[in-house]
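In: Here's my sequence, what's the structure:
(chains A and B)
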Number of protein chains: 2
Amino acid sequence: MLFKNIDLIDEHLQDLKDMYVGVEGDTITYIGNQMPADTARYGRVYDGKNKILMSGFYNAHGHTPMTLLRGYAENHNLQDWLYHYIFPFEAKITDADCYWGCMLGIAEMMASGTVSVSDMYGHMQASIKAYIESGFKVNLCNGLMDFDETPFSQNRNHLEECNCFKLYHGAENGRIKIDKSCHSVYTSNRKTVEELAIYAKQTDSIVQIHLSETQTEVQECLEKYGVTPVQYFQDTGLLDNFVVAAHCVWLNDQDMDILAKNNVVAVHNCMSNLKLASGVADIPKMQEKGIRIAIGTDGCSSNNNLDMFEEIKLCAVLNKGVRLDPSAITTKDALAFATQNGAFAQRRYDCGSVKVGNKADLIVIDADCPSMQPVYSAVNNVVYAANGKNVEMTMIDGKIVYEKGRFFTIDVERAIYEVNQAKRRILGELQK
Amino acid sequence: MLFKNIDLIDEHLQDLKDMYVGVEGDTITYIGNQMPADTARYGRVYDGKNKILMSGFYNAHGHTPMTLLRGYAENHNLQDWLYHYIFPFEAKITDADCYWGCMLGIAEMMASGTVSVSDMYGHMQASIKAYIESGFKVNLCNGLMDFDETPFSQNRNHLEECNCFKLYHGAENGRIKIDKSCHSVYTSNRKTVEELAIYAKQTDSIVQIHLSETQTEVQECLEKYGVTPVQYFQDTGLLDNFVVAAHCVWLNDQDMDILAKNNVVAVHNCMSNLKLASGVADIPKMQEKGIRIAIGTDGCSSNNNLDMFEEIKLCAVLNKGVRLDPSAITTKDALAFATQNGAFAQRRYDCGSVKVGNKADLIVIDADCPSMQPVYSAVNNVVYAANGKNVEMTMIDGKIVYEKGRFFTIDVERAIYEVNQAKRRILGELQK
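Out: Numbering: from 1, shown residues only, chains lettered A, B, ... in the order given. Predicted coordinates:
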């Protein structure tokens, strides 16, 4: 593929007009403002008039199969929502439900410009099947929980992660990755977390966690352990690993210093945090402390969609409004969080920016519509004016998976049908 | 037009499955769960499979021609942004620029499900031409300013409003309305506001104002007049009129009581308030006080789009997250603000809900896509999952103005071209 005369948001997140970008195999091999010499080697030539080319998004925290629960339970706080609505519903989800829920979520993400997700969910093999078939990228984990103090070596979620790690980690030329995980301080116990810390180190794994999402979580942790969740995870040795921590809403100064020192990636899930009344993470302060920020949609039942454009816009305006600082979080910052930093959170060091040698994870945005005109700055319009439905094409590892409403790897009609069947069946079972 | 087998969000904002809705002329004449007897009288039959029919949105506060400035000045607070960027740019805008900027904004609103706007901007006749030609509804005013204490009777903006009122108020069968206005406390003087209050009463006009948008505005008003902006406008007699007040971010308890007592409609511009670092309006408290809330996009240079779906979602989640109350502002509340209450703010009492006898200001939302499935509740999905690009069709006064990417009353290609010409010319003039 050769993109010609296209507006490019480059690796420095600068707007370049009328550029040429060549893709060979799964890799970006040419970027320039001149037509490359041998155009034939690129195959299809893509006319970039009124289009913007940029890196796809790396959704750094999600629960993809939760499309099954979109709009299911509203107006509850996190704890009520989880224990009284989400967990009972999820107990009824089968592997097949999970596969189709995951497929529907992948389709939604592809169509709105996302190329990869850090996904925490059960039924891992069902999800892996969906990720392999669809061509999407994933860092999958299970969300380790331990309510009953089962020995770590017998913990079901851990065993499932281990099994999938052996079978699939690095599969599809690195497209599929299996991370380790701990769901949260409030669903785990100390001994398990300590053993997980050691195990993750042995396998050199990324560890995904939920961290300091609500005030209640922090208060209960202080009461039970005498320390904040951040200190708890530090004390257990977990932070000696490559940790990706979702939410990070209720951090004190010392917590932030610990995260910075341990190079923890903090994932901002601003829409979910508002909707579940968890609060507003202090991203500018985390930036000052040198913490790397990524962006996630969270599960779509606390959002209720998987559109990263909504997240980058909200990220760019929310801290401005809440902290009364119009210079907080620039549009470039927000875009970097959702691309370069997201790829970093998945240890995909050759992804997340449009750069020769990087993987061709690219999206094309249509600017030829009223809501995207005029263009003073492509970056400003992408962050503030666009939404996922401006995406015209999504390419992952050099393969077009979505273009103008068509999905090339997913039977979306079937996915919608199957998800609705699952919804009806589960609602019926819950009513009994 | 007869919509058949369509999911309907009715006048009580309840989801009804497989409904029939008939439109004759500009009016909704049939709603039922059975096919009406004489189908021929409705003309075209619209297959509603996987579609949602609802009222269009009434954008209760905007500056439509400001599409000309989309993405022009970023990361400034309101005062800097206005005085150093927006006002100098606006001084260069011609009538023709305004006409095309307005057309582009109307196209964007139509395509994202809005049917009517309360618009405050100069060059009124140019805008009126755009509104008449496009078939869109408007309550237009100028944003009265008075820096130099010109007598009210000679104030240019006032004279323009008067002239347009005589020529156009009630035109196009009530589609075009001319309101009165006062831009804000900080751009007016007391004597002018007092005279405006009397004039608005004499002409029984709606008065559009900006009110208590920033902390600075309130502080300066306290210093200058010894009272809050709300008290200032009450003291001048302005609140004896039908007042529509944008922003209302910095209100104390007494301010809220005054607004409630005077039946002032408060317009929530949540995205603009975040982006310009103005703050977060306390909508739940205003609701408790009995203040009627509507929703506006504000001008698209402080947003930077005119998509009311973004506003209703942000409205429904923002106060939850900031006030840590997951039950604050339900999806039904947010939808009522943007439809029924918006129509009320424009004194369009036969608009804003799908009801027999009401004007046929209707939109069709496509639910047959990954991001809108499954549907546990159409209202929840419309508020939390949809965006403007899910709109498949927009009908105003019974006429289809937009359907599946096609605009029937606007030459969008020309509008984009002309707006870009204006942008280049004005940037050139400003650089001199």
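In: A:His61 looks like it's in a strand, true?
Out: Yes - when DSSP: H, G, I helix; E, B strand; the rest coil is applied, A:His61 is found to be in a strand.
In: Check the offset of stretch A:85-92 from the chain's centre.
Out: Centre-to-centre, stretch A:85-92 and its host chain are 22 Å apart (Cα atoms, centre = their mean, to the nearest Å).
In: next one: stretch A:262-271
Out: The answer for stretch A:262-271 is 11 Å, by Cα atoms, centre = their mean.
In: try stretch A:29-46
Out: Mean-position distance between stretch A:29-46 and its chain equals 31 Å (Cα atoms, centre = their mean).
In: Just the CA coordinates for it, please, in CSV.
Out: Output of stretch A:29-46 as CSV, limited to C-alpha atoms (Å, rounded to 0.1, in the frame of the first residue of the first chain):
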residue,chain,number,x,y,z
THR,A,29,9.1,1.4,4.8
TYR,A,30,8.8,4.9,3.4
ILE,A,31,7.8,8.3,4.6
GLY,A,32,8.5,11.4,2.5
ASN,A,33,7.0,14.4,0.7
GLN,A,34,8.0,13.0,-2.7
MET,A,35,6.6,10.0,-4.5
PRO,A,36,9.0,7.1,-3.9
ALA,A,37,11.0,5.8,-6.9
ASP,A,38,9.6,2.3,-7.3
THR,A,39,5.9,2.7,-6.7
ALA,A,40,5.0,-0.8,-8.0
ARG,A,41,6.5,-2.6,-5.0
TYR,A,42,3.8,-1.1,-2.7
GLY,A,43,0.8,-2.5,-4.6
ARG,A,44,-2.4,-0.4,-4.1
VAL,A,45,-2.1,3.4,-4.2
TYR,A,46,-4.4,5.1,-1.8
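In: contacts for that stretch?
Out: A:1-4, A:6, A:8, A:10, A:16, A:18-24, A:354-357, A:364, A:393 (Cβ atoms under 8 Å, 6 or more residues apart in numbering or on different chains). To be clear about C-beta, it is placed using only N, CA and C from the backbone, and glycine gets the same treatment.
In: Buried only: go through those residues for me.
Out: Buried residues within the contacts of stretch A:29-46, counting neighbours by 16 or more other Cβ atoms under 10 Å in any protein chain shown: A:1-4, A:6, A:8, A:10, A:16, A:19-23, A:354-355, A:364, A:393.
In: And the lowest-mean-pLDDT helix or strand in chain A, what's buried?
Out: Scoring the helices and strands of chain A by mean pLDDT, DSSP states H and E places helix A:78-80 at the bottom, with a mean of 82. By neighbour count on 16+ other Cβ under 10 Å, the buried set for helix A:78-80 is A:Leu78.
In: quick one: contacts of that helix?
Out: A:Glu213, A:Thr214, A:Thr216, A:Leu276, A:Ala277, A:Ser278, B:Pro326.
In: Domain-wise, how is chain A divided?
Out: For chain A, automatic domain parsing gives the domain ranges A:2-55+A:360-407, A:57-345.
In: ok, and which of those has the densest surroundings?
Out: domain A:57-345 (a mean of 22; mean count of other Cβ atoms under 10 Å in any protein chain shown).
In: Quick check: A:Gly388 touching A:Lys313?
Out: No - using Cβ atoms under 8 Å, A:Gly388 is not in contact with A:Lys313, being 11.0 Å away.
In: At which residues are the strands of the stretch 1-150 of chain A located?
Out: A:2-9, A:15-24, A:27-32, A:45-47, A:51-55, A:57-62, A:114-120, A:137-141 (DSSP state E, counting those that start in this stretch).
In: tell me the contacts of A:Val379?
Out: Taking Cβ under 8 Å, 6+ apart, one finds A:Ile9, A:Leu13, A:Gln14, A:Asp15, A:Thr331, A:Lys332, A:Leu335 in contact with A:Val379.
In: which residues sit in contact with the residue nearest to A:Lys389 when sequence neighbours are not counted?
Out: Distance criterion Cβ to Cβ, 6 or more residues apart in numbering or on different chains; nearest residue to A:Lys389, sequence neighbours excluded, is B:Lys389 at 3.5 Å. Residues in contact with B:Lys389 (Cβ under 8 Å, 6+ apart) are A:Asn387, A:Lys389, A:Asn390, B:Ala111, B:Ser112.
In: okay if I get these as JSON lines plus distance to B:Leu69 and pLDDT?
Out: Formatted as JSON lines, the contacts of B:Lys389 follow (distance: Cβ to Cβ, whole Å; pLDDT from 0 to 100):
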{"residue": "A:Asn387", "distance to B:Leu69": "20", "pLDDT": "97"}
{"residue": "A:Lys389", "distance to B:Leu69": "23", "pLDDT": "97"}
{"residue": "A:Asn390", "distance to B:Leu69": "20", "pLDDT": "98"}
{"residue": "B:Ala111", "distance to B:Leu69": "20", "pLDDT": "98"}
{"residue": "B:Ser112", "distance to B:Leu69": "19", "pLDDT": "98"}
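In: In a markdown table: the residues you listed, plus distance to A:Asp397.
Out: Converted to a markdown table, the contacts of B:Lys389 look like this (distance: Cβ to Cβ, whole Å):
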| residue | distance to A:Asp397 |
| --- | --- |
| A:Asn387 | 25 |
| A:Lys389 | 24 |
| A:Asn390 | 23 |
| B:Ala111 | 34 |
| B:Ser112 | 33 |
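In: so which of those comes closest to A:Ala197?
Out: Minimum distance to A:Ala197 across these is 40.0 Å, recorded for A:Asn387 (Cβ to Cβ).
In: my read: the closest one touches A:Ile312, true?
Out: No - judged on Cβ under 8 Å, A:Asn387 makes no contact with A:Ile312 at a distance of 10.3 Å.
In: low-scoring stretches of the stretch 1-150 of chain A, by residue?
Out: For the stretch 1-150 of chain A, no stretch has pLDDT under 70.
In: please redo it, this time with the cut-off set to 80
Out: A:78, A:148-149 (pLDDT under 80).
In: What segments of the stretch 201-350 of chain A are helices?
Out: All helices of the stretch 201-350 of chain A, identified by DSSP state H, counting those that start in this stretch, fall at A:215-225, A:229-235, A:253-261, A:270-275, A:283-288, A:308-323, A:331-338, A:340-345.
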